[in-house]
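Undergrad: Okay, predicted coordinates and the sequence, questions at the end:
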Amino acid sequence: RRAYLEINDVLKTRKLEEERVVVEKPIFETASERRQDQVVPDTYEAVEKQVDRMQVDYLTPFLQNVANPQHITREEAQRARDACLKSLKDRLLERANIIQSRLNEENAKLSKRQATFQRSSAKENDPEAEEEFERFCSEAMFRIQILEQRLVNHEESALRKYQDLDEKLNTDPRLLTLFESS
């Protein structure tokens, strides 16, 4: 009887918590809405901006601290460009570190298991243990091979992504002040 009452209390509490969930907007949506509130011309540019809004704007979060988004100074443009490239680089490095740490974990598990097997196989000659060890080794080698492949693919794609973003930033009309002669 007491357990039933406890379960009902937990369910009521959970239902109340689920009703109170607040969904926060991502920074990209907030920045996009702010930008749209500032300028709303009824021209071809408005339609073009609406199409651009459908794509992720990679530069908006880095232009948040700019005083006048229509007239960006050379220093502000350089800071935004550098921050954007640094952010991508940090994300790519974090991903590479995650893959590398998983690879190191798998290698450590394999070497630990090999050492344990070698110690125990010297004492006893168990065919089931040998079969289990071989199965473990083949699975571990498979995971290691997959992780190594992911790491190589990530390194290749990371260079391409960095170059692509650099090219986008070089052609972005908001950062043209960087390439204008003084």
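TA: It's in. Computed from a predicted structure; not experimentally measured.

Undergrad: can you give me the helices in the chain?
TA: 2-19, 27-38, 44-54, 74-123, 127-171 (DSSP state H).

Undergrad: shaky segments in the protein?
TA: 37-56, 122, 181-182 (pLDDT under 70).

Undergrad: residue closest to the middle of it?
TA: The residue lying closest to the centre of the chain (C-alpha atoms, centre = their mean) is Arg91, at 5.8 Å.

Undergrad: Verify the stated contact: Ala77 with Arg174.
TA: Yes - Ala77 lies in contact with Arg174 (C-beta atoms under 8 Å); the separation is 7.3 Å. The C-beta positions use only the backbone N, C-alpha and C, and glycine is treated the same way.

Undergrad: how close does the residue nearest to the centre of the chain get to Asp82?
TA: 15 Å (C-beta to C-beta, to the nearest Å).

Undergrad: Also Phe62?
TA: In terms of C-beta to C-beta, Phe62 sits 9 Å off from Asp82.

Undergrad: Tell me which of those two has more neighbours.
TA: In this view Phe62 and Asp82 are compared by other C-beta atoms under 10 Å, and Phe62 has more residues nearby, 21 against 12.

Undergrad: got a list of what that one touches?
TA: Neighbouring residues of Phe62 by C-beta atoms under 8 Å, 6 or more residues apart in numbering: Arg79, Ala80, Arg81, Ala83, Cys84, Ser87.
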